[in-house]
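Student: just the structure for this:
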Amino acid sequence: MSQNVITLYDAPSIAPQPWAPNIWRIRFILNFKRLPHRTVWVEFTDVETTLRSIGAPPTSTRGDNRPVYTLPVIVDPLRSRSHPTILSNAQSIAEYLETSYPARPVFPEGSRALQTLFVHHIQDVFAKPLLPILVPLSHQRLPERSQAYFQGPAYSQLTGPQREQAWRAVKEQFDFLAVVLDKNAGDGDGTVVQGRDLSYADFALCSVLIWIERVSPHDGWSRVRGWHSGRWARLWERCKDYMDVY
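Tutor: Predicted structure coming up:
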């Protein structure tokens, strides 16, 4: 059975559920499209060795031309068992899944360019103020070997005024996004990016919400879910049916 389904490579956590937002984007698409799949868990210490062993392409290249291997990665035997498709990079995987399995589209017709730009904003701008808060908390939830693999000041928790200042910066990003999404008020309830139907952009945004909820449920998520009259909690509920982990 497992040889006949898509394999999604993810990083394990000591928390009950996975949290990595880039990987959740892909899990959302697989669930939304109802594509049979399973998860293989790879500790960060083993990522490069494991991905090289299955022939996965590097995600990027360092300045010294050394290849960089990161998650997510998928192996898709559904189209060809003798020559499975192996892909890295969340955006490339998302586009591949949409092209290869067009039923239940996550890129409604004519929206791919704008959704790609939106997701780029979520990843590189919107989520950036969350890094000093959530990276140390995520580090604590890694297995012991992976925790030891990552060391340095970036993994030290913020406390006191620094932490509150960081949350204010996060709130500013949520405020801006709420204003943008309010422009859809006449095309639905304003919860989702396309107005009425879930799309890739919503899954990218909800992946960040999952990250907050998984690693900071009592501080972070308790704040965020109440912002903007519960808008973000409503988006969570809209996406909830596609949060299964296999």
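Student: what's the top helix by length along the chain packed up against?
Tutor: In the chain, taking DSSP state H as the definition, the longest helix is helix 160-181. With contacts taken as 3 or more C-beta pairs under 8 Å, 6 or more residues apart in numbering; DSSP states H and E, helix 160-181 sits against helix 131-140, helix 220-224, helix 231-239. For the C-beta atoms, the positions are set from N, CA and C on the backbone; glycine is no exception.
Student: residue contacts, the nearest residue to Ile212 once chain neighbours are set aside?
Tutor: Of all residues not flanking Ile212 in the chain, Gly220 sits nearest, at 4.4 Å (C-beta to C-beta, 6 or more residues apart in numbering). The contact partners of Gly220, taken as C-beta atoms under 8 Å, 6 or more residues apart in numbering, are Ile133, Leu134, Ile212, Glu213.
Student: export the residues you listed to JSON lines and tack on pLDDT and distance to Ile6?
Tutor: Putting the contacts of Gly220 into JSON lines (pLDDT from 0 to 100; distance: C-beta to C-beta, whole Å) gives the following:
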{"residue": "Ile133", "pLDDT": "97", "distance to Ile6": "33"}
{"residue": "Leu134", "pLDDT": "96", "distance to Ile6": "28"}
{"residue": "Ile212", "pLDDT": "97", "distance to Ile6": "27"}
{"residue": "Glu213", "pLDDT": "96", "distance to Ile6": "25"}
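Student: compare those and tell me which is most surrounded.
Tutor: Ile212 (25 neighbours; other C-beta atoms under 10 Å).
Student: residue furthest from the geometric center of the chain?
Tutor: Most distant from the centre of the chain: Ser82, at 29.7 Å, with distances by C-alpha atoms, centre = their mean.
Student: name the helix or strand for that residue, please.
Tutor: If you go by DSSP states H and E, Ser82 is not part of any helix or strand.
Student: ditto for Thr39
Tutor: Counting by DSSP H and E, Thr39 is part of strand 37-41.
Student: residues contacting the helix or strand just after that strand, please?
Tutor: For strand 37-41, the following helix or strand on the C-terminal side (DSSP H and E) is helix 47-53. Residues outside helix 47-53 that contact it (C-beta under 8 Å, 6+ apart) are Tyr9, Ala11, Val42, Tyr69, Thr70, Leu71, Val73, Ser88.
Student: what about Leu159, distance to Gln165?
Tutor: Leu isn't right for residue 159; it's Thr. Remark: distance between Thr159 and Gln165 (C-beta to C-beta, to the nearest Å) = 11 Å.
Student: please say which of the two ends up with more neighbours.
Tutor: Using other C-beta under 10 Å as the criterion, Thr159 and Gln165 rank with Gln165 on top: 12 against 8.
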